[in-house]
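Peer 1: model the following, please.
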Amino acid sequence: MFLSKEEERMLNGDFGEGVRIAMKLLIGLSKAFEAERLIEITRAHIAGISYENIGEEGLDFLKSLVDKGAKVRVPTTINPCGTDLEIWYEMGVDEKFYEKQMEVVETYKKLGAKASCSCTPYVLDNVPNKYEHVAFAESSAVIYVNSFIGSYTNKESGLSALACAITGRTPYYGLHTEEGRKPNFYVKIDFNVEGHLMWGVLGYLTGKKLGNGIPIIAHKKPENLIDIKEFCGGLSASSGIGMVYFEEDIKEKKNVKEIVLTKEDMKEVLNDFNYGKAEKLDYFFTGCPHLSSQDIINIEKMTFNKKVKNNSKLWLFASKSASETSSNEILKLRKRGIYVFSGACPVIAPLSYKEMKVGTDSIKAAHYLRSLKGIDVYLIDLKDAIKMMLE
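Peer 2: Numbering: from 1, shown residues only. Take a look at the predicted model:
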């Protein structure tokens with residue numbers, strides 16, 4: 001493959017051993033995907049931040065990169081942690097895990113990354129422009145920036161996104177190319193899509209039916225940020241899809257296979273996740289993907305003059321940036337027994353929900369809580385969960 005003079009110097013170790021390791025990884029990735037060259041990127045976002053996921057071996061690797069002088073070359077943010085880094089004890093996380101999680105975050109900061117701890121970097125922390133080539137690892141964020149901003153990124157792993165950030169390069173293939181962004185499916189929808197839960201279901205069902213590829217969705221683009229986030233989250237949970245188009249994006253539908261999503265398909269997904277079956281909940285999670293500051297403000301208004309019943313737990317998850325700009329609302333929610341956890345994710349937290357009735361309005365969270373934690377999850381609308389759990 002072709003390397004520029006600067007890239008050859010990176011590979012030769014002229015910029016340090018840490019950069020050499022990152023460049024070597026990208027060359028291996030290029031060979032695997034038959035990329036003939038690397039291209040420069042403007043920014044990166046790294047996943048795999050929770051100590052629950054990477055463990056001691058992953059932490060040791062990150063520390064070794066720091067020791068070898070590695071630093072990110074482009075603005076770089078990181079995904080959520082396994083716990084809130086300030087009120088970790090309220091999540092029921094033990095102190096040892098908290099200390100290890102702090103080590104992971106501090107190590108990324110030493111590498112030059114911003115400790116945003118968010119799965120929605122495109123809202124505030126790391127917003128690309130149209131046509132920018134970036135390296136994003138969070139799968140729902142990949143779909144968002146490709147489809148709703150018009151940036152260019154493949155679905156990177158946490159490790160490859162880190163290598164891209166350190167070198168400022170990424171292999172030129174797939175969704176970085178115009179050829180790789182051509183649609184090959186046309187998805188018709190035989191049911192109404194209203195509200196963020198149903199947008200998540202549409203994304204999930206689309207991914208479940210297709211698996212991979214680039215679909216055109218025969219529907220107007222969602223306009224509300226929370227609907228877009230849930231659609232991207234659902235699609236990312238059930239597939240390897242990294243980009244979609246909507247009806248208004250493409251006038252001519254050439255060389256595409258038509259797929260119909262029926263009411264029966266939709267009902268099957270809802271039934272599979274126990275939609276409408278919850279009579280009582282011990283936990284309810286919302287904020288997967290992370291809530292925005294406006295989402296927090298809306299929930300504060302929805303719960304005005306109410307309080308959580310008994311020992312039920314209604315937990316909200318948001319980025320650090322969103323939490324910082326909604327501090328007054330968060331204090332009001334806390335007095336009602338509702339906790340907002342900043343920079344964390346319930347799916348990758350070291351918590352067991354065995355024998356608990358867990359509900360969520362996020363199909364992505366439901367999917368991963370079931371597959372990773374082995375629990376039965378109840379998909380439920382936010383307003384219904386509030387009615388059930390508050391008095």
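Peer 1: and the helices in the chain?
Peer 2: Taking DSSP state H as the criterion, the chain contains helices spanning 5-12, 17-32, 51-67, 95-110, 139-144, 158-167, 196-210, 225-238, 263-272, 293-302, 320-324, 327-335, 363-373, 382-389.
Peer 1: quick one, which of these gets closest to K254.
Peer 2: Ranking these by their distance to K254 (criterion: C-beta to C-beta) puts helix 196-210 first, at 17.8 Å. Glycine gets a C-beta too; all of them are placed from N, C-alpha and C.
Peer 1: relative to S312, which of the helices of the chain is closest?
Peer 2: With distances scored as C-beta to C-beta, the stretch of those nearest to S312 is helix 382-389 (4.7 Å).
Peer 1: report the separation between the residue nearest to G195 when sequence neighbours are not counted and F273.
Peer 2: Among residues not flanking G195 along the chain, D381 sits closest, at 7.0 Å (C-beta to C-beta, 6 or more residues apart in numbering). Per C-beta to C-beta, to the nearest Å, D381 is found 12 Å from F273.
Peer 1: about what we covered before: dump the helices of the chain to CSV, plus mean pLDDT.
Peer 2: As requested, the helices of the chain are arranged in CSV below (pLDDT from 0 to 100):
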stretch, mean pLDDT
helix 5-12, 98
helix 17-32, 98
helix 51-67, 97
helix 95-110, 98
helix 139-144, 98
helix 158-167, 98
helix 196-210, 98
helix 225-238, 98
helix 263-272, 98
helix 293-302, 97
helix 320-324, 95
helix 327-335, 97
helix 363-373, 96
helix 382-389, 97
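Peer 1: can you redo these as JSON lines with mean neighbour count and distance to T77?
Peer 2: Below are the helices of the chain laid out as JSON lines (neighbours: other C-beta atoms under 10 Å; distance: least, C-beta to C-beta, whole Å):
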{"stretch": "helix 5-12", "mean neighbour count": "15", "distance to T77": "23"}
{"stretch": "helix 17-32", "mean neighbour count": "19", "distance to T77": "17"}
{"stretch": "helix 51-67", "mean neighbour count": "16", "distance to T77": "15"}
{"stretch": "helix 95-110", "mean neighbour count": "17", "distance to T77": "9"}
{"stretch": "helix 139-144", "mean neighbour count": "27", "distance to T77": "10"}
{"stretch": "helix 158-167", "mean neighbour count": "27", "distance to T77": "10"}
{"stretch": "helix 196-210", "mean neighbour count": "24", "distance to T77": "23"}
{"stretch": "helix 225-238", "mean neighbour count": "27", "distance to T77": "16"}
{"stretch": "helix 263-272", "mean neighbour count": "15", "distance to T77": "31"}
{"stretch": "helix 293-302", "mean neighbour count": "18", "distance to T77": "17"}
{"stretch": "helix 320-324", "mean neighbour count": "22", "distance to T77": "10"}
{"stretch": "helix 327-335", "mean neighbour count": "14", "distance to T77": "21"}
{"stretch": "helix 363-373", "mean neighbour count": "22", "distance to T77": "19"}
{"stretch": "helix 382-389", "mean neighbour count": "18", "distance to T77": "27"}
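Peer 1: more neighbours: D381 and F273, which one.
Peer 2: Using other C-beta atoms under 10 Å, the more surrounded residue of D381 and F273 is F273, with 20 against 16.
Peer 1: against G234, how distant is the more buried one?
Peer 2: Distance from F273 to G234, by C-beta to C-beta: 11 Å.
Peer 1: got any residues that touch both of the two?
Peer 2: Shared contacts of F273 and G234 (C-beta atoms under 8 Å, 6 or more residues apart in numbering): I363.
Peer 1: tell me which of the helices of the chain sits nearest to L281.
Peer 2: In terms of C-beta to C-beta, the element of the helices of the chain nearest to L281 is helix 382-389, at 6.1 Å.
Peer 1: just the C-alphas of the closest one, formatted as PDB.
Peer 2: Output of helix 382-389 as PDB, limited to C-alpha atoms (Å, rounded to 0.1, in the frame of the first residue of the first chain):
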ATOM      1  CA  LEU A 382     -41.200   6.900  29.400                       C
ATOM      2  CA  LYS A 383     -44.500   8.500  30.300                       C
ATOM      3  CA  ASP A 384     -45.900   5.100  31.400                       C
ATOM      4  CA  ALA A 385     -42.800   4.400  33.500                       C
ATOM      5  CA  ILE A 386     -43.200   7.700  35.300                       C
ATOM      6  CA  LYS A 387     -46.900   7.000  35.900                       C
ATOM      7  CA  MET A 388     -46.000   3.500  37.300                       C
ATOM      8  CA  MET A 389     -43.100   4.500  39.500                       C
END
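Peer 1: what's next to that helix, contact-wise?
Peer 2: By C-beta under 8 Å, 6+ apart, helix 382-389 touches 196-197, 278, 280-281, 284, 286, 299, 302-303, 306, 308-309, 312, 314, 359, 361, 380.
Peer 1: can you do 10 Å?
Peer 2: Contact with helix 382-389 is made by 195-197, 226, 276, 278-286, 295, 298-299, 302-303, 306-310, 312-314, 337-338, 359-362, 378, 380-381, as judged by C-beta atoms under 10 Å, 6 or more residues apart in numbering.
Peer 1: need the overlap of contacts for D381 and F273.
Peer 2: Listed as contacting both D381 and F273 by C-beta under 10 Å, 6+ apart are G359.
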